[in-house]
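S.K.: predicted model and sequence below, questions to follow.
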Amino acid sequence: MRCAENDIAALDASDPLAPARNAFDLPENLIYLDGNSLGPPSRATLSAVATTMNSEWREDLIRSWNTSDWIGLPKRCGQKIAKLIGVQRDEVIVCDSVSVNIFKLASALLAKSSGAIVVHADEFPTDAYIAIGLANQIGADFRRIEETAGPEALNETDGIIIKSLVHYKTAAVANISDWEKAARQKGVSIIWDLSHAAGALDLNLAVDGAEFAVGCGYKYLNGGPGAPAFIFVKKERASDLTQPLSGWMGHKKPFDFSDDYAPADGIERFLCGTPSIISMTALNAALDIFDDHSMAAIEKKARGLSDLFAEGCAELGLAPDAPPAEERRGAHLCFAHDGAYEIVQTLIKRDVIGDFRTPNFMRFGFSPLFLRYQDVSNAVSILKEILDTEEWRKPEYAMRAKVT
């Protein structure tokens, strides 16, 4: 049975993360359950971008590369993310996109040792697309392993595997430690995609033995649409790798304008072109909110919010396509329904924002920094009304938009 209203109020009253909501500039009466796809802006982010646009760029112009340390933004952002994923400050750099960073890492690893490029059959599409393209380019084998394959699958392969820590539909969380132990035994390298994990789960990659990872900045990190991604390489491995996109920002001394390329030391060698200062400024400011809240508390609340939503949906006859309740999971839930797209569009019309994932999934994200338990309870009530009245069957909700 769903929590009574006084129980919901008590959950919000005792929530240690409740003050964080005030840091975000959210529209009144909007229930935003899509922070797993695009996080909302913090007030500090909007202010920082305005300062960069109106002061640093407009007034200081090119001087801001030094006076505002624009040139140091990739490292500064990386240091903040390093703390969130449990690695050393100088092992993460912010640059490019997840797709590009996967390409750089996979190429560098395969240049050191031949082998196949492996993904799960249900891996996030861009990860698989990059793997296929790279395999075709260098003549490597590309392999898909079964959706349910665990670390034992590495006994049958070599090379590298690109693997999401949190599945983008089921929210299943892989056990990094188990996979890394199996990988070391076979000489396989794992590139972890943290896109649906960073900022939502309490991570400790160093303790778990991870050596390589990528992730995006616009989901739970709230860095803004198209925010730059990040790349993590264990310090001991970084200088052994040469990434293929040898742009000038990855040079040891970029402003010497040497005719010959000499890669920078450590993680900075994974830089390529000139950083996107405005979008990186947004991400840099967005990351500051994590200074005030532990990732353990964030993950705990994410689970509480999603459990509350799942309990409410169970009364509507909806069960999430998710791991068993006793297992760890990410901060989103997917529900299958023949009218999934139409129901999501109806919810959006009612100011409850979720998203649709093919073929028939309604997906809802539970970002703990700005969502309240009351928001989740209200969302379930609105979903119930839509299902009870069958409002979602109106033809207007079946019109497919380009972005779902």
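M.R.: Noted; the coordinates are in hand. Numbering: from 1, shown residues only.
S.K.: for the residue of the chain positioned farthest from its centre, give its distance to His251.
M.R.: Relative to the centre of the chain, the most outlying C-alpha is that of Asp259, 37.4 Å out, by Cα atoms, centre = their mean. From Asp259 across to His251, the span is 11 Å (Cβ to Cβ, to the nearest Å). The way it works is simple: take the backbone N, C-alpha and C, and place the C-beta from them, glycine included.
S.K.: and for Trp192?
M.R.: For Trp192, the distance to His251 - Cβ to Cβ - is 27 Å.
S.K.: these two: which has the busier surroundings?
M.R.: Trp192 (26 against 20; other Cβ atoms under 10 Å).
S.K.: flag every buried residue along the helix or strand encompassing that one.
M.R.: Under the criterion of DSSP states H and E, Trp192 resides in strand 189-193. Of the residues in strand 189-193, Ser189, Ile190, Ile191, Trp192, Asp193 count as buried by neighbour count, 16 or more other Cβ atoms under 10 Å.
S.K.: next: stretch 61-68.
M.R.: Quick answer for stretch 61-68 (16+ other Cβ under 10 Å): Ser64, Trp65, Ser68.
S.K.: I figured the last one hits Asp60, correct?
M.R.: So that's Ser68. Yes - Ser68 lies in contact with Asp60 (Cβ atoms under 8 Å); the separation is 6.7 Å.
S.K.: look at the residue lying closest to Val118 once chain neighbours are set aside and tell me its secondary structure.
M.R.: Take Val118 and drop its neighbours on the chain: the residue closest to it by Cβ to Cβ, 6 or more residues apart in numbering is Ile161, 4.2 Å away. Here Ile161 is strand, with the state taken from DSSP: H, G, I helix; E, B strand; the rest coil.
S.K.: so Ile161 touches Val188, yeah?
M.R.: Yes - using Cβ under 8 Å, Ile161 makes contact with Val188 at a distance of 6.2 Å.
S.K.: between those two, which contacts overlap?
M.R.: Both Ile161 and Val188 are contacted by Leu154, under the criterion Cβ atoms under 8 Å, 6 or more residues apart in numbering.
S.K.: between the two, which one's more packed in?
M.R.: Ile161 (28 against 24).
S.K.: residues contacting the more buried one?
M.R.: Contacts for Ile161 (Cβ under 8 Å, 6+ apart) come out as Ile117, Val118, Val119, Leu154, Ala183, Val188, Ser189, Ile190, Ile191.
S.K.: next one: it from Ala149, what distance?
M.R.: Distance from Ile161 to Ala149, counting by Cβ to Cβ: 10 Å.
S.K.: tell me the secondary structure for Arg363?
M.R.: strand.
S.K.: now do the contacts for it.
M.R.: Asn36, Ser37, Lys169, His332, Leu333, Cys334, Phe335, Gly354, Asp355, Phe356, Arg357.
S.K.: with Glu5 instead?
M.R.: Ser377.
S.K.: now do it against Lys104, distance only.
M.R.: Taking Cβ to Cβ, one finds Glu5 at 51 Å from Lys104.
S.K.: what does the model give Met1 for pLDDT?
M.R.: Met1 carries a pLDDT value of 44.
S.K.: my bad, Asn155
M.R.: The model reports Asn155 with a pLDDT of 86.
S.K.: hang on, it is in a helix, isn't it?
M.R.: Yes - under three-state DSSP, Asn155 falls within a helix.
S.K.: for the remainder of this discussion, apply numbering that starts at 462.
M.R.: Got it, first residue is 462 now, which makes that one Asn616.
S.K.: give me the phi and psi angles of the residue nearest to it when sequence neighbours are not counted.
M.R.: Of all residues not flanking Asn616 in the chain, Lys647 sits nearest, at 6.5 Å (Cβ to Cβ, 6+ apart). For Lys647, the backbone dihedrals (degrees, to the nearest 10) come out as phi -100, psi 0.
S.K.: what's the answer for the one 10 residues further on, then?
M.R.: His657 has phi and psi values of phi -100, psi 20 when expressed as degrees, to the nearest 10.
S.K.: wait, it touches Ala633, no?
M.R.: No - in this structure, His657 is not within contact of Ala633 by Cβ under 8 Å, at 10.3 Å.
S.K.: compare the two and say which is more crowded by neighbours.
M.R.: The neighbour count for His657 versus Ala633, taken as other Cβ under 10 Å, is higher for His657 (27 against 20).
S.K.: great, nothing more from me.
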